[in-house]
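**Student:** can't give you the sequence, but here's the structure:
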């Protein structure tokens, strides 16, 4: 967690205390500490240059989900442009990542029309 997030969460209008001061509340809000509750298949994408969510935090979640035997898929992208917003639609790599997301969701949501290519994603995103 970056210092800016530490400051945000410990502010009075948020949790109001640091993790050291209220460990139970931080655990209650932590996806990694709540992994045992997952009931729906999950797709996790993270980026090594994300300044909002450190890849180590995501790896902790992945490890927790594996330990719990949960149904999930993940991919760790290395230094994809955009940092935290690396799956936006403004470049080919981002559109290919977005296509993976749509295909994953399509397995479970049964949309009337599934995206089959980056061209489909681009067309839908730029009407």
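**Tutor:** Noted; the coordinates are in hand. From a predicted model like this one, the values you see are computed outputs, not experimental measurements.
**Student:** please state the offset of the lowest-mean-pLDDT helix or strand in the chain from the chain centre?
**Tutor:** In the chain, no helix or strand scores lower on mean pLDDT, DSSP states H and E than helix 3-10, which sits at a mean of 82. Helix 3-10 has its average C-alpha position 19 Å from the chain's average C-alpha position, going by C-alpha atoms, centre = their mean, to the nearest Å.
**Student:** show me which residues of the very next helix or strand once past that helix are buried.
**Tutor:** As assigned by DSSP states H and E, the chain's next helix or strand after helix 3-10 is helix 23-29. Across helix 23-29, burial judged by 16 or more other C-beta atoms under 10 Å covers residue 26. Glycine gets a C-beta too; all of them are placed from N, C-alpha and C.
**Student:** same deal with stretch 52-70?
**Tutor:** Under 16+ other C-beta under 10 Å, the buried positions of stretch 52-70 are 53, 57, 58, 60, 61, 62, 64, 65, 70.
**Student:** and if you look at stretch 89-102?
**Tutor:** For stretch 89-102, using 16+ other C-beta under 10 Å, the buried residues are 94, 95, 97, 98, 99, 102.
**Student:** what's that stretch in contact with?
**Tutor:** Under the criterion C-beta atoms under 8 Å, 6 or more residues apart in numbering, residues 43, 45, 75, 77, 80-82, 86-88, 114-115, 117-118, 120-122, 125-126 lie in contact with stretch 89-102.
**Student:** pull the longest helix from this structure.
**Tutor:** helix 92-109 (DSSP state H).
**Student:** would you mind measuring from residue 115 to residue 104?
**Tutor:** Residue 115 is 11 Å from residue 104, where distance means C-beta to C-beta, to the nearest Å.
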